[in-house]
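>>> Got a sequence here, can you model it:
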Amino acid sequence: MVILTAFLVGLTLSLVGLGVATIRGLALWRLVKRTGGLFTSELALFEERSARAEQLLADADRSNQELQAATERLRVSRAQLDVLLGSLETAQRRTHWLRAFLPVR
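The predicted structure is shown next:
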């Protein structure tokens, strides 16, 4: 009788332990599944932000190239303006004496 009681107690404890292990295993599985989902969503968000940053950097690079081209055009235009202003000054100096004969407004 003692052996049967010991056997039943051991069997009961084993079944309870197996139940507890199963419940905790399921809880762990759910936690891993949820955590994996969070990691996946965060990685997707990170990839989206990285792609956006790459796009912004490409746009900034393109804008920088356009700015450099515009700066070069401005430099050329400024040089042409300086030549024209110099020519105008020279023409004004050469025709300064004609002002004496022109009516003043």
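>>> What is the burial count for residue 66?
For residue 66, the count of nearby residues is 10 (other CB atoms under 10 Å). In short, each C-beta sits where N, CA and C put it, glycine included.
>>> In terms of pLDDT, where does it sit?
Among the per-residue scores, residue 66 shows a pLDDT of 97.
>>> for residue 105, same thing?
At residue 105, the pLDDT value in this model is 60.
>>> got it, and residue 83?
Reported pLDDT for residue 83: 97.
>>> Also the one 3 residues further on?
Per-residue pLDDT puts residue 86 at 95.
>>> which secondary structure element contains it?
helix 2-94 (DSSP states H and E).
>>> Show me what that helix is packed against.
For helix 2-94, the contact count by 3 or more CB pairs under 8 Å, 6 or more residues apart in numbering; DSSP states H and E identifies no helix or strand as a packing neighbour.
>>> That one: how far from the chain's middle?
Taking CA atoms, centre = their mean, to the nearest Å, the mean C-alpha location of helix 2-94 is offset from the chain mean by 7 Å.
>>> what does stretch 75-91 contact?
Surrounding stretch 75-91, not a single residue is in contact under the criterion CB atoms under 8 Å, 6 or more residues apart in numbering.
>>> What's the local residue count around residue 26?
Residue 26 has 10 neighbouring residues, counting by other CB under 10 Å.
>>> And for residue 16?
Number of residues near residue 16 (other CB under 10 Å) recorded here: 10.
>>> OK, contacts around it?
Counting by CB under 8 Å, 6+ apart, residue 16 has no contacts.
>>> Ok, residue 36 next?
Taking CB under 8 Å, 6+ apart, one finds nothing in contact with residue 36.
>>> Quick check: the gap between it and residue 30.
11 Å (CB to CB, to the nearest Å).
>>> Can I get stretch 23-36 in CSV? Just the C-alpha atoms.
What follows is stretch 23-36 as a C-alpha-only set of coordinates in CSV (Å, rounded to 0.1, in the frame of the first residue of the first chain):
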residue,chain,number,x,y,z
ILE,A,23,2.1,26.1,-19.6
ARG,A,24,5.4,28.0,-19.2
GLY,A,25,6.6,26.6,-22.5
LEU,A,26,3.4,28.0,-24.2
ALA,A,27,3.9,31.3,-22.5
LEU,A,28,7.5,31.4,-23.6
TRP,A,29,6.4,30.6,-27.2
ARG,A,30,3.9,33.4,-27.2
LEU,A,31,6.5,35.8,-25.8
VAL,A,32,9.0,34.8,-28.5
LYS,A,33,6.4,35.1,-31.2
ARG,A,34,5.4,38.6,-30.0
THR,A,35,9.0,39.7,-29.6
GLY,A,36,9.8,38.5,-33.1
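>>> Great, nothing more from me.
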